[in-house]
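Trainee: sequence-free structure coming up:
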């Protein structure tokens, strides 16, 4: 299963990240995971939120440049080597990972990693074949 990831173009200005996350917070949008990659002048803020369509609407209304990307969230045991095993499964299937980021849950036995890969459907099939669980968006907020 894929989930919607919101990507927000963010200028590298003092307080801009606080402003964008404040816009979402004021609108009642709950963040589950985030990552930011930056250059000298700008960054790309990647977010997993409880209501992507509402987040898009609010951010666009405030003049933000946003897009939606389909990504995978994978559940894995919170033990050493779990991430390496999942990455090895993708590598063995010749599936390239464009980027990844992890997030914590209230369940101390599991960890979750968000992957942007070159072919979501193929990756899902490979994960299913190897018993790797992908999470639906709704599952992420019950953790």
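Mentor: Received the coordinates, thanks. Keep in mind the model is a prediction, meaning the values are calculated, not measured. Numbers count the residues shown, from 1 in each chain.

Trainee: going forward, measure contacts between C-alpha atoms and count neighbours the same way
Mentor: Will do.

Trainee: May I see the buried residues of the helix or strand of the chain with the lowest mean pLDDT?
Mentor: Using mean pLDDT, DSSP states H and E, helix 137-140 stands out as the lowest-scoring helix or strand of the chain, at a mean of 76. By 16 or more other Cα atoms under 10 Å, the buried positions in helix 137-140 come out as 137, 140.

Trainee: Please state the offset of it from the chain centre?
Mentor: 12 Å (Cα atoms, centre = their mean, to the nearest Å).

Trainee: quick check: domain ranges of this structure?
Mentor: Split into domains by automatic domain parsing, the chain comes to 2-69, 71-140.

Trainee: any idea of the mean pLDDT for the shortest one?
Mentor: What it means is domain 2-69. Domain 2-69 shows an average pLDDT of 93 in the prediction.

Trainee: from what I can see residue 30 touches residue 50, true?
Mentor: Yes. Counting by Cα atoms under 8 Å, residue 30 touches residue 50, with 5.5 Å between them.

Trainee: now the strands for the chain?
Mentor: 2-11, 31-38, 42-49, 65-77, 97-103, 110-117, 133-134 (DSSP state E).

Trainee: want to throw those strands into a markdown table with distance to residue 18 and mean neighbour count?
Mentor: Converted to a markdown table, the strands of the chain look like this (distance: least, Cα to Cα, whole Å; neighbours: other Cα atoms under 10 Å):
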| stretch | distance to residue 18 | mean neighbour count |
| --- | --- | --- |
| strand 2-11 | 11 | 20 |
| strand 31-38 | 13 | 15 |
| strand 42-49 | 12 | 20 |
| strand 65-77 | 16 | 18 |
| strand 97-103 | 20 | 13 |
| strand 110-117 | 23 | 20 |
| strand 133-134 | 31 | 18 |
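
Trainee: would you list these in a markdown table and tack on distance to residue 87?
Mentor: Below are the strands of the chain laid out as a markdown table (distance: least, Cα to Cα, whole Å):
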| stretch | distance to residue 87 |
| --- | --- |
| strand 2-11 | 17 |
| strand 31-38 | 19 |
| strand 42-49 | 21 |
| strand 65-77 | 11 |
| strand 97-103 | 8 |
| strand 110-117 | 10 |
| strand 133-134 | 14 |
